[in-house]
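3D model of this:
(one chain, ligands or ions: 2)
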Amino acid sequence: MRYLTAGESHGPQLTMIVEGLPSRLPFSKEEVDKQLARRQKGHGRGRRMQIESDQVQIVSGVRFGQTTGAPLSMIIENKDWKKWTEIMSIHPDEEKATKRRVSRPRPGHADLNGAIKYGHRDMRDVLERSSARETAARTAVGAVARQVLEFCGIRVAGHVVRIGSVGTRRLEGWTAEAIAEQSEQSPVRCLDPEAEKAMMQLIDQAKEEGDSLGGVVEVVVENVPIGLGSHVHWDRKLDARLAQAMVSINAFKGVEIGIGFEAGERKGSQVHDEILWAEEKGFHRASNRLGGFEGGMTNGEPIVVRGVMKPIPTLYKPLRSVDIDTKEPFEASIERSDSCAVPAASVVAENVIAWEVAQALLDTFTADTAEDLLREVNRRREEARHF
Ligand SMILES: Cc1cc2nc3c(=O)[nH]c(=O)nc-3n(C[C@H](O)[C@H](O)[C@H](O)COP(=O)(O)O)c2cc1C
Ligand SMILES: C=C(O[C@@H]1CC(C(=O)O)=C[C@@H](OP(=O)(O)O)[C@H]1O)C(=O)O
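Numbers count the residues shown, from 1 in each chain. Ligands and ions are numbered 1, 2, ... in the order given. The predicted structure follows:
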């Protein structure tokens, strides 16, 4: 299974193609729209989110509520396009373009590197595609993959575990369902009401100061069969693929699987998950510190993966930078931006992780139809139980 996304932040639409889905998968456009709506929320988002109301139009690959096995294509309209139609169509060499041309690169964004790499004197040609508007497309694609997972009884949930200096304790024993339910109630998608209050205050304060904030999100995937991914080759290790997916989200800078970096501080006896066996469960673990992975393969425990997002680069508070035309230093002048997008990014993270797990599922169990897939997945579950 593979996908492509296309589209500029202020262009007419985002376009997505998903290829390799099994046929006869019950498919709900509403479920995709639900994920898109979740991504738009969260304390700290800027004014753009009041303009957009993301929904997909399914263009191909679905008939009578089921996938056909043909490429599934979707679009999301950019409502802001109306306002930008004229601006986007002014050639950068035209005189009237001078004041719209972007010649002031923002530290922390793709502006300067992208301009030099692609030879753009108008950095709009970089920022339009480097914008995290693209995460709407990836969320939609992930929401399709999620329907493959749900068909196989695999659940995904996510939440925010840190914003700036406020973090929550590592949480044990929460089911994916409980995480999903509780985080949905919170404007910062946090499970701890005390931390939530402090996070919201921090975001308000950063906004007032013209500054921005990052944080950490956690994604949990439950009821995963043993043996997704593989130890036999580096690029088939599923934990590595999850790491790439996570760091490919705009502004994400690091990943932890299970206890992550803490593993480097502990002794082996405090890290490795002891193996147990019981008639009704088969093989299972006494703990899940390694986040559901050994040897690049799932071990049947919930996948637990965390990602760190740096603070938003566009600041009202000026950072030093240089105009590429005049080579003069300038002080930032900004139209609008998010001040914190960690809650939204946790939804993106859920969906990009869902994609990778669904892809690994389809790599492991060859299936033309959704029923074939489910049969194979259940067979693996049964075989593992009686191994
Ligand atoms: C959901 C989401 C919303 C974002 N909103 C903004 C924003 O409003 N302004 C901004 O400068 N960066 C925003 N970013 C981050 C930039 O897109 C990102 O920093 C940029 O593409 C450079 O890539 P890098 O940070 O991965 O190096 C957002 C990221 C995410 C995930
Ligand atoms: C459009 C989205 O996020 C955008 C991501 C973004 C950036 O630089 O990454 C900058 C902002 O865009 P604009 O300048 O149009 O307000 C955000 O609103 C979205 O999440 O759908």
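
Now the helix-or-strand element of the chain with minimal mean pLDDT: buried residues?
Among the helices and strands of the chain, helix 81-88 carries the lowest confidence by mean pLDDT, DSSP states H and E, at a mean of 85. By neighbour count with 16 or more other CB atoms under 10 Å, helix 81-88 contains the buried residues 81, 84. All C-beta atoms are positioned from the backbone trio N, CA, C, and that covers glycine.

Say whether ligand 2 is contacted by that helix.
No - remark: helix 81-88 sits outside contact range of ligand 2, by CB under 6 Å from any ligand atom, the gap being at least 8.6 Å.

what residues does that helix touch?
Helix 81-88 has contacts (CB atoms under 8 Å, 6 or more residues apart in numbering) with 8, 10, 11, 12, 13, 100, 124.

Before we move on, what's the pLDDT of the second one?
Which is residue 10. Per-residue pLDDT puts residue 10 at 94.

ok, the nearest residue to it once chain neighbours are set aside to ligand 1 distance?
Excluding the flanking residues, the one nearest residue 10 by CB to CB, 6 or more residues apart in numbering is residue 84, at 3.9 Å. Counting by CB to the nearest ligand atom, to the nearest Å, the gap from residue 84 to ligand 1 is 15 Å.

Show the contacting residues for residue 147.
25, 26, 27, 28, 31.

Now do the contacts for the second one.
In this structure, residue 26 makes contact with 65, 66, 147, 151, 370, judged by CB under 8 Å, 6+ apart.

and if you look at the first one?
For residue 25, the contacting residues are 66, 67, 147, 148, 151, 370, taking CB under 8 Å, 6+ apart as the criterion.

what do you get if the cut-off is 10 Å, keeping everything else the same?
Shown in contact with residue 25 (CB atoms under 10 Å, 6 or more residues apart in numbering): 62, 65-69, 72, 144, 147-148, 150-151, 369-371, 373-374.

Residue 30 now?
55, 56.

wait, is it part of a helix?
Yes - Residue 30 sits within a helix when classified using DSSP: H, G, I helix; E, B strand; the rest coil.

Which positions in the stretch 201-350 of the chain make contact with ligand 1?
Residues of the stretch 201-350 of the chain lying near ligand 1 (CB under 6 Å from any ligand atom): 249-251, 310, 312-314, 337-338, 341, 344-345, 348.

Out of the contacts of residue 25, which end up buried?
62, 67-69, 72, 144, 147-148, 150-151, 370, 373-374.

out of the residues you listed, who's nearest ligand 1?
residue 144 (19.1 Å; CB to the nearest ligand atom).

Residue 199 belongs to a helix?
Yes - assessed with three-state DSSP, residue 199 lies in a helix.

switch to numbering from 163
In the new count, where the first residue is 163, that last one comes out as residue 361.

quick one: the helices in the stretch 363-512 of the chain?
Using DSSP state H, counting those that start in this stretch, the helices of the stretch 363-512 of the chain run over residues 400-409, 504-526.

Kindly report the same for the stretch 213-362 of the chain.
243-250, 273-280, 286-292, 296-313, 338-346, 355-370.

which strands and helices sit next to the last one?
For helix 355-370, the helices and strands in contact under the criterion 3 or more CB pairs under 10 Å, 6 or more residues apart in numbering; DSSP states H and E are strand 317-325, strand 328-329, strand 377-384, helix 504-526.
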